[in-house]
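Visitor: Return a 3D structure for these sequence lines:
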Amino acid sequence: MDAQRESGPAPQPVAPKRRFTRVGTGAALVLAVGAVCAVTFWAEDLKAMYHLRVWDKSGPRAAVDAFVAALRASDQAAVQKLCLSPQTLRVEEGKIVTLKPAPEPQTPPVAADSLLPSVSAGDQSVTIGYDYKPNRRFAKLELPAEAGGVVTFIVARSGGEWKIRGYSGRMTH
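Guide: Sure thing, here's the model as predicted:
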């Protein structure tokens, strides 16, 4: 009888399918929870990226170019329309000389000439940075100034349009 047991077919080991299925399910669950946590953690940044349309840089560039063109032409109505907040403009002999945001009386006026860049905002050398913070959400463009130094424009989306939110001209001497 012992010989019959030895010569008979050997019992096949049972494949541990359930164990591998449990490991695969556990790994998928851990990955899913990790993805949900990551999306939740970066939800505000993702929302801001969508709001700012970071993949399309033509909007901020066009807003800056339109603002500069209006400033060069001393078109007061266009300058006001292109800015997010009303501007206090000082005009001499039909030319815009200085401007500053009207709601900020403590802000000193900026010379209009210091805001004239030497290149178009559409130039590929112009870099665009974004601030995704919930209360800020803007694009920042820095361009070389005609008078030397750097011209900085802060551009934000409002009502589906890009508007100039702030500006500064730093001259080098």
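
Visitor: what does the domain assignment say about this structure?
Guide: What the record gives for the chain is the domain set 14-50, 55-170, from automatic domain parsing.

Visitor: Show the average pLDDT along the last one.
Guide: What it means is domain 55-170. Domain 55-170 shows an average pLDDT of 84 in the prediction.

Visitor: same deal with the first one?
Guide: Across domain 14-50, the average pLDDT comes to 73.

Visitor: Show me what T98 bridges to in the sheet.
Guide: Legend: beta-bridge partners of T98 under DSSP bridges are R90, A111.

Visitor: Who are the packing partners of the top helix by length along the chain?
Guide: Secondary structure of the chain read by DSSP state H shows that its longest helix is helix 17-41. The contact analysis (3 or more Cβ pairs under 8 Å, 6 or more residues apart in numbering; DSSP states H and E) places helix 17-41 against no helix or strand. (Glycine included, C-beta is placed from N, CA and C.)

Visitor: what's the offset of it from the middle of its chain?
Guide: Its chain's C-alpha centre lies 32 Å from the corresponding centre of helix 17-41 when counted by Cα atoms, centre = their mean, to the nearest Å.

Visitor: what residues does that helix touch?
Guide: When contacts are defined by Cβ atoms under 8 Å, 6 or more residues apart in numbering, helix 17-41 is touched by residues L46.

Visitor: how about the strands in this structure?
Guide: Using DSSP state E, the strands of the chain run over 87-92, 95-101, 110-111, 127-131, 138-144, 150-158, 161-170.

Visitor: Just put those in JSON lines and tack on distance to Q80 and mean neighbour count.
Guide: Rendered in JSON lines, the data for the strands of the chain read as follows (distance: least, Cβ to Cβ, whole Å; neighbours: other Cβ atoms under 10 Å):
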{"stretch": "strand 87-92", "distance to Q80": "6", "mean neighbour count": "15"}
{"stretch": "strand 95-101", "distance to Q80": "10", "mean neighbour count": "18"}
{"stretch": "strand 110-111", "distance to Q80": "15", "mean neighbour count": "16"}
{"stretch": "strand 127-131", "distance to Q80": "24", "mean neighbour count": "13"}
{"stretch": "strand 138-144", "distance to Q80": "19", "mean neighbour count": "20"}
{"stretch": "strand 150-158", "distance to Q80": "14", "mean neighbour count": "20"}
{"stretch": "strand 161-170", "distance to Q80": "10", "mean neighbour count": "19"}
